[in-house]
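Trainee: please work out how this folds:
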Amino acid sequence: MCGIVGAVGRGPVNQDIYDALLLLQHRGQDATGIATAEPSGVMHMSKSRGMVREGFRTRDMRSLLGNVGLGHVRYATKGTASSEEEAQPFYVNAPYGIILIHNGNLTNTRELTLDMAQRDRRHLNSSSDTELLLNVLANELQATTSPVDLDPERIFEAVARTHKRIEGAYAVISVIAGYGLLAFRDPFGIRPLILGRRTAEDGGDEWVVASESLVLENADYEVVRDVEPGEAIFITNDGQLFSKQCAESPQLSPCSFEYVYLARPDSIMNGISVYEARLRMGAKLAATIEKHVPEGAIDVVMPIPDSSRPAAMQVARVLGIEYREGFYKNHYVGRTFIMPGQAVRKKSVRQKLNAMSSEFKGKNVLLIDDSIVRGTTSKQIIQMARDAGARSVTFASAAPPVRYPHVYGINMPSSKELIAHGRSIPEIAAELGCDHLVYQEVEDLKAAILEGSTAGQGLDDLDMSCFDGRYVTGTVSEEYLEWVEQTQGS
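Mentor: Purely as a prediction, here's the structure:
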């Protein structure tokens, strides 16, 4: 999971991109980068480790000249989290000069790396799959080069050839020096990408593509639509937009974890409100809680702030039980799920949350969280509730048990680190230390998300691989999962 944005304006776009990255900060906290291009083709780039506000100084912003640009916040799933060299964007000078960012994971990096060295004769300077993707695209653009200037059809041909070579999940934004901005999405639409437009003071069109709709709404862009799975969009330096379907058999199957946890609740993805999807998750979870938790065993419902709040409110409403806020969250600590490494996650939980004893003392509490992945955070929260005086602690997850690795852009490469892998629900409850444990049913989660899809949208499937083990691209083998676990698992 990363956050990406690209913009084509009538004037400088550096500030718009910076503002967008602030809104996307929840999608990545390891590193950040911005690149811009002038109409002449001169490119400028600035990137650093850490958060957006600390990553760019005034002198950096002043150097980012141009009316076309892109920006990235990184959550490392490939390569080295602490390496500034692996922060995005990546740049290659031939052909034309190309800068590229991407959100997702490629799943055929081994084959592509060999192709780069043996067939394409291109050198890779990192272990990042973004650099690999950039070089594949650059190679395909070079293969379509003719004496005639690069045009949209030639660009779309290169994207179609890129789709045929790469596998996995990818939402991509790229700037081609002197020409404009290119954006495309994998044939399954696993990772999100949305297009917006606004009218500039001179009457011309300004464009933006971003991971989440809140970026568009905050900057007064009209939401045009989601980029279709397999589709490529090219916007020239002067604001002309061209689009084409570049995949042979596109099928929309977005990542369900976007709706569970990754996206902000005020975003709309693939036509579905994230907030309303989380409310429906709560309603369905309430029915399951009613089946499995003894009557009278819950006095109050409390969320683990912030992403579980909509589900918890709906659980309380449906069950007719009082809703209370028992934890205060320190918003100046990063999201623990995307912290790099278990040791840092363990340390950060008590810095991030504080239990208010007045809300817990002598009560049977039901704690609602959006999901349980490694169990590190959940275990500590349950103990915090007991330490604050709770008589009993029931824990419920708005998502099903995470039993399988996620290989499409979320840092869950090893099944060994997943608390639900190979354990029954009673065994997980014992490990976490709660009195009762309830998970959302897989089909209930799918229904909660898809019920928000409008008629005719073409959305009837989701990637739920970390819950059900079905990888929608059809290219993820057991051998690949074993290789990922050996090379990237913690």
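Trainee: phi, psi for Val74 please.
Mentor: Careful, residue 74 is Arg and not Val. phi -110, psi 140 (degrees, to the nearest 10).
Trainee: any idea how many residues pack against the closest residue to it other than its chain neighbours?
Mentor: On the basis of Cβ to Cβ, 6 or more residues apart in numbering, the spatially nearest residue to Arg74 that is not a chain neighbour turns out to be Ala31, at 4.2 Å. Just so you know, the C-beta spots here come from the backbone N, C-alpha and C atoms, and that holds for glycine as well. By other Cβ atoms under 10 Å, the residues close to Ala31 number 26.
Trainee: residue ranges with poor pLDDT in the stretch 151-300 of the chain?
Mentor: Low-confidence segments of the stretch 151-300 of the chain, defined by pLDDT under 70, are absent.
Trainee: correction: the previous question concerned the stretch 1-150 of the chain.
Mentor: In the stretch 1-150 of the chain (pLDDT under 70), the answer is 77-83, 145-148.
Trainee: mind running it again at 90?
Mentor: Judged by pLDDT under 90, the stretch 1-150 of the chain has its weakly predicted residues at 1, 75-86, 94, 115-127, 143-150.
Trainee: about what we covered before: list the contacts of the residue nearest to Arg74.
Mentor: Taking Cβ atoms under 8 Å, 6 or more residues apart in numbering, we find Ala31 in contact with 47-50, 55, 73-74, 76, 84, 86-88.
Trainee: give me the subset of those lying in strands.
Mentor: Judged by DSSP state E, these include 47-49, 73-74 as members of strands.
Trainee: contacts for the host helix or strand of His44 next, please.
Mentor: Per DSSP states H and E: His44 is located in strand 43-49. Strand 43-49 is contacted from outside by 30-38, 54-56, 60, 63-66, 72, 82, 84, 87-89, 91, 97, 99, 175, 177, using Cβ under 8 Å, 6+ apart.
Trainee: ok, what's across the strand from the residue nearest to Glu84 when sequence neighbours are not counted?
Mentor: Excluding the flanking residues, the one nearest Glu84 by Cβ to Cβ, 6+ apart is Arg49, at 5.1 Å. With DSSP bridges applied, Arg49 shows beta-bridge pairing to Ala31.
Trainee: in the longest helix seen in the chain, which residues are buried?
Mentor: Taking DSSP state H as the criterion, the chain has its longest helix at helix 274-292. Residues 274-282, 284-286, 288-289 are the ones in helix 274-292 that count as buried (16 or more other Cβ atoms under 10 Å).
Trainee: out of the residues you listed, the closest to Asp306 would be?
Mentor: Using Cβ to Cβ, Arg278 comes nearest to Asp306 of the buried residues of helix 274-292, at 11.0 Å.
Trainee: so which strand or helix has Thr36?
Mentor: strand 31-37.
Trainee: buried sites along that strand?
Mentor: 31-37.
Trainee: and which of the ones in strands among the contacts of Ala31 is nearest to Gln25?
Mentor: So of the ones in strands among the contacts of Ala31, ranked by how close each gets to Gln25 (Cβ to Cβ), first place is Val73, at 5.9 Å.
Trainee: burial count for the closest one?
Mentor: With other Cβ under 10 Å as criterion, Val73 counts 31.
Trainee: so it makes contact with Gln29?
Mentor: Yes - between Val73 and Gln29 there is a contact under Cβ atoms under 8 Å: 7.2 Å.
Trainee: biggest separation within the buried residues of strand 31-37, which pair?
Mentor: Ala31 and Ala37 (20.9 Å).
Trainee: just the buried ones from the contacts of strand 43-49?
Mentor: The neighbour-count test (16+ other Cβ under 10 Å) applied to those identifies 30-38, 55-56, 60, 64, 66, 72, 87-89, 91, 97, 99, 175, 177 as buried.
Trainee: quick one: the helices in the stretch 251-400 of the chain?
Mentor: 256-257, 274-292, 309-319, 342-352, 357-360, 376-387 (DSSP state H, counting those that start in this stretch).
Trainee: contacts for the fifth one next, please.
Mentor: Residues lying outside helix 357-360 but in contact with it, judged by Cβ under 8 Å, 6+ apart, are 300, 302, 324-326, 385, 388-390.
Trainee: mind doing that once more with 10 Å?
Mentor: Contact with helix 357-360 is made by 300, 302, 324-328, 365, 384-391, 393, as judged by Cβ atoms under 10 Å, 6 or more residues apart in numbering.
Trainee: centroid-nearest residue for the chain?
Mentor: What sits nearest the mean C-alpha location of the chain, by Cα atoms, centre = their mean, is Met1, with 3.4 Å.
Trainee: roughly how far apart are it and Met412?
Mentor: Using Cβ to Cβ, to the nearest Å, Met1 is found at 11 Å from Met412.
Trainee: what's near enough to touch the nearest residue to Phe467 once chain neighbours are set aside?
Mentor: Leaving aside its sequence neighbours, Phe467 sits nearest to Pro400 (Cβ to Cβ, 6+ apart; 4.5 Å). Residues in contact with Pro400 (Cβ under 10 Å, 6+ apart) are 256, 260, 371-372, 420, 439-446, 464, 466-468.
Trainee: low-confidence ranges in the stretch 301-450 of the chain?
Mentor: Looking at the stretch 301-450 of the chain by pLDDT under 90, you get 306-307, 329-353, 409-416.
Trainee: can we see that at 50?
Mentor: 338, 344 (pLDDT under 50).
Trainee: what about the residue nearest to Tyr91 when sequence neighbours are not counted, which SS state?
Mentor: In this structure, Tyr91 finds its nearest non-sequential neighbour in Ile99, 5.0 Å apart by Cβ to Cβ, 6+ apart. The local conformation at Ile99, judged by DSSP: H, G, I helix; E, B strand; the rest coil, is strand.
Trainee: what's the spacing between Ile99 and Gly452?
Mentor: From Ile99 to Gly452 the distance is 35 Å (Cβ to Cβ).
Trainee: got the buried residues for stretch 440-451?
Mentor: Buried-residue list, stretch 440-451, by 16+ other Cβ under 10 Å: 440-441, 444-446, 448-450.
Trainee: domain assignment for this structure?
Mentor: The chain is divided into the following domains under automatic domain parsing: 3-251, 275-456.
Trainee: as a markdown table, the ones you listed with distance to Val476 would be great.
Mentor: As requested, the domains of the chain are exported to a markdown table (distance: least, Cβ to Cβ, whole Å):
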| stretch | distance to Val476 |
| --- | --- |
| domain 3-251 | 6 |
| domain 275-456 | 6 |
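Trainee: what's the closest of those to Val472?
Mentor: domain 3-251 (5.3 Å).
Trainee: report the distance from the closest one to the chain centre.
Mentor: Averaging C-alpha positions (Cα atoms, centre = their mean, to the nearest Å) puts domain 3-251 15 Å from its chain's average.
Trainee: next, the distance between the ends of it.
Mentor: One end of domain 3-251 sits 23 Å from the other (Cα to Cα, to the nearest Å).
Trainee: next: stretch 106-122.
Mentor: Length of stretch 106-122, first residue to last, Cα to Cα: 18 Å.
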